[in-house]
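Peer 1: whatever this is, show me its structure:
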Amino acid sequence: MTKNKTTATEVDVFDFIESYVDNDQKKADSLKLIELMSEWSGFKPKMWGPTIIGFGSYHYKYASGHEGDAPILGFSPRKTQFSLYVYSKTEKSDTLLKALGKFKMGKACIYFKKLSDINVPIVEKLCMETIAYLKKHHECSSCRN
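Peer 2: Just a heads-up that it's a prediction; the model follows:
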């Protein structure tokens, strides 16, 4: 069995932002996302791997037998754009994406350049949909009710 690369660490989130993020707007957007995601998830931020800021955790197990833990919600202030980990493949999420704003979509990751490019109330709804999805489909003892 391979070991997961992205696991929770003890690195301080705010030290990470101060040392890693070199743009004042990106720092401000990161701090705002931390505030919002903490409120929406009910969890304090925690570093996952070297660059992901996550909130809460859930346990997943694939049919292949691979299993691990991942943050319920998360983001990374990457050098060129933010990576937002708040998407679950549901009909409601797909509908919400239509009103999200200026972004690009990866397999399960939303990319945007600055917070003002996206509709924050839609991000909140995507987060709530993801929390509900994870509660239904995974061991999620730390998901908010």
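
Peer 1: return the per-residue confidence for the residue at minimal distance from the centre of the chain.
Peer 2: Among the residues of the chain, the one closest to the centroid is residue 74, at 1.8 Å (C-alpha atoms, centre = their mean). Residue 74 is assigned a pLDDT of 96 by the prediction.

Peer 1: surely it and residue 55 touch.
Peer 2: Yes: counting by C-beta atoms under 8 Å, residue 74 does reach residue 55; the two are 6.5 Å apart. Placement of C-beta: from N, CA and C, glycine included.

Peer 1: where do the contact lists of those two overlap?
Peer 2: residue 37 (C-beta atoms under 8 Å, 6 or more residues apart in numbering).

Peer 1: now the residue nearest to the centre of the chain: which helix or strand?
Peer 2: strand 73-77 (DSSP states H and E).

Peer 1: so how far is residue 115 from the residue nearest to the centre of the chain?
Peer 2: Separation of residue 74 from residue 115 (C-beta to C-beta, to the nearest Å) stands at 15 Å.

Peer 1: got it, and residue 20?
Peer 2: Applying C-beta to C-beta, the value for residue 20 to residue 115 is 17 Å.

Peer 1: same deal with residue 133?
Peer 2: For residue 133 relative to residue 115 (C-beta to C-beta), the value is 24 Å.

Peer 1: next one: residue 64
Peer 2: From residue 64 to residue 115 the distance is 36 Å (C-beta to C-beta).
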